[in-house]
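1. One predicted model, sequence on top.
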Amino acid sequence: MTDKVKYDPDNIFAKMIRGDMSCVKVYEDDTILAFMDIFPQSEGHTLVIPKKAKATMLFDIDTDHLKDLIEGVQKVARAVDKALKPDGVRIAQFNGAESGQTVFHIHFHIIPIYAGQPLGRHAGGAPADVSRLTETASRIAGAF
Ligand code: 5GP
């Protein structure tokens, strides 16, 4: 599958890492960047991406970068859970357009689940209000 998708250094997540594109940041260290999804499926939907790996999906990331990434996912998910107190947290990761992947820089979704509230559409609909995203991001950032 990865042989069909070449890593594009100008994908939108690579631009965010370089600071060429804005995002509502939740957390950043040497290895990962976490930010709010602009089309959130629920309140607090956060994306976690590796900063150094030039990988499109799970199949082409080297294991050292993957270890850093999954540790980062756990760290950010704990903060999301602590800050927002959802009833559950879904961790999702898509590989290939047919699976639903729309941005080809590997990433994990952290999607809080609130009982009785259906999830929004994946990667679509109206973009979220940036001031609301910023407020949610600062609540999560305060929970590390
Ligand atoms: P994928 O479909 O590749 O698993 O996930 C890509 C995610 O990136 C989607 O959930 C989509 O809503 C999100 N996304 C797409 N464009 C932007 C953007 O410009 N900014 C942010 N913050 N998220 C985006």
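-> Perfect, I can see it now. Numbering: from 1, shown residues only.
2. Which pLDDT value goes with the residue most central in space within the chain?
-> In the chain, the centroid-proximal residue (C-alpha atoms, centre = their mean) is Leu47; its distance is 1.0 Å. Leu47 is assigned a pLDDT of 98 by the prediction.
3. try Asp3
-> On pLDDT, Asp3 comes in at 72.
4. With Gly125 instead?
-> Looking at Gly125, its pLDDT stands at 82.
5. starting at the chain centroid, how far to stretch 123-135?
-> Stretch 123-135 has its C-alpha centroid displaced from the chain centroid by 14 Å (C-alpha atoms, centre = their mean, to the nearest Å).
6. rewinding a little: quick one: list the elements packing against the helix or strand the residue nearest to the centre of the chain falls within.
-> For Leu47, the element it lies in under DSSP states H and E is strand 46-50. Strand 46-50 sits against helix 12-18, strand 32-36, helix 63-84, strand 108-113, with contacts defined as 3 or more C-beta pairs under 8 Å, 6 or more residues apart in numbering; DSSP states H and E. For every residue, glycine as well, the C-beta is placed using N, CA and C.
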